[in-house]
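>>> What follows is a predicted protein model with its sequence.
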2 protein chains.
Amino acid sequence: MARAATTADAFNAVAEPRRREILDLLADGERPVNDLVRRLGLAQPQVSKHLRVLREVGAVDVRDHGRQRVYRLNGDALRPIHDWVKGYERFWSERFERLDAVLDELKKEEGDGGDE
Amino acid sequence: MARAATTADAFNAVAEPRRREILDLLADGERPVNDLVRRLGLAQPQVSKHLRVLREVGAVDVRDHGRQRVYRLNGDALRPIHDWVKGYERFWSERFERLDAVLDELKKEEGDGGDE
DNA sequence: TTGATACATTCCTGTATGGGAATATGATTC
DNA sequence: GAATCATATTCCCATACAGGAATGTATCAA
């Protein structure tokens, strides 16, 4: 088996820096393709191709507006990434390390009452 | 140009589900390879290869212990992912959406300062 | 030394990329 | 209908994977 398709999920789609740039631009509001082309300094076909990947993983939506196609961010698609990486906050944040310690303390003190 | 190497950065390394699993396991504490092999149900060479990728992007560290090699998570490497995706929280959190609305209001009230 | 254990590396292969270039499609205007 | 603008798709190609199988390397045991 080869590497998973870029369209396999948000993780793969977002591994490409250009696609993250596109999402970053769309985070400020919807934009037609030519607008993205200008701001990215990429050729139009490559932008369209990146947008296709983002569309396939649900990270963007399209809307027709005359002869333009207006792309809009769909942040929900990024949530799995956020949720996964959030579990690692405690490994770099002192604040969270200490929070962790506090929670451990509380758990211990609470003793036997808790579920999950 | 082809797709970026999996070792290009944490985003690419973590796009592979198996590697995320490995990190998840190491989040509970350091482990030797054979331990990971058992828990993942993968062949040993594939696990070693995944670990190599994770090592190259700095997501794990190794330590020799007798004939075993003990791998440990290095969460710092995941921080760029966290920082990037964190900017999108407002797109799925109602709390943040409302904050956004408030900020838009403020911007509008501030009046005529805008370009574009 | 021999054998076994624990990992890492190499070779092979089908598959999929991302960019460049060219072309196709669709809407708008004249 | 022709010319044009805005996007999408296709073709070409060098590159790089991920898994399977086989092999290399270091450590420990007897």
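That came in fine, so what should we check first? Numbers count the residues shown, from 1 in each chain, chains lettered A, B, ... in the order given.

>>> Touching, residue A:74 and residue A:57? I think so.
No. In this structure residue A:74 lies outside contact range of residue A:57 using Cβ atoms under 8 Å: 9.5 Å. C-beta coordinates here come from the backbone N, C-alpha and C atoms, glycine included.

>>> And those two? Which one has more around it.
The neighbour count for residue A:74 versus residue A:57, taken as other Cβ atoms under 10 Å in any protein chain shown, is higher for residue A:57 (21 against 18).

>>> who's in contact with that one?
A:7, A:8, A:9, A:10, A:12, A:13, A:77 (Cβ atoms under 8 Å, 6 or more residues apart in numbering or on different chains).

>>> In this structure residue A:61 contacts residue A:77, no?
No. With contact defined as Cβ under 8 Å, residue A:61 does not count as touching residue A:77 (9.9 Å).

>>> Just want to know which of these two has more residues nearby.
Using other Cβ under 10 Å as the criterion, residue A:61 and residue A:77 rank with residue A:77 on top: 22 against 15.

>>> Please list all residues in contact with the more buried one.
Going by Cβ under 8 Å, 6+ apart, residue A:77 touches A:10, A:57, A:58, A:59.

>>> Could you look up the SS state of the residue nearest in space to the middle of chain A?
Centroid check for chain A by Cα atoms, centre = their mean gives residue A:78 as the closest residue, at 3.3 Å. Reduced to three states with DSSP: H, G, I helix; E, B strand; the rest coil, the structure at residue A:78 is helix.

>>> which one is it nearest to, not counting chain neighbours?
Here the nearest residue to residue A:78 in space, its sequence neighbours aside, is residue B:88; by Cβ to Cβ, 6 or more residues apart in numbering or on different chains that works out to 4.9 Å.

>>> Likewise for residue A:74?
In space, residue A:74 is closest to residue A:61, 5.3 Å off (Cβ to Cβ, 6+ apart).

>>> For the one you found, what are phi and psi?
Recorded main-chain torsions at residue A:61 are phi -120, psi 160, according to degrees, to the nearest 10.

>>> hang on, the earlier thing: measure the residue nearest to residue A:78 to residue B:15 for me?
17 Å (Cβ to Cβ, to the nearest Å).
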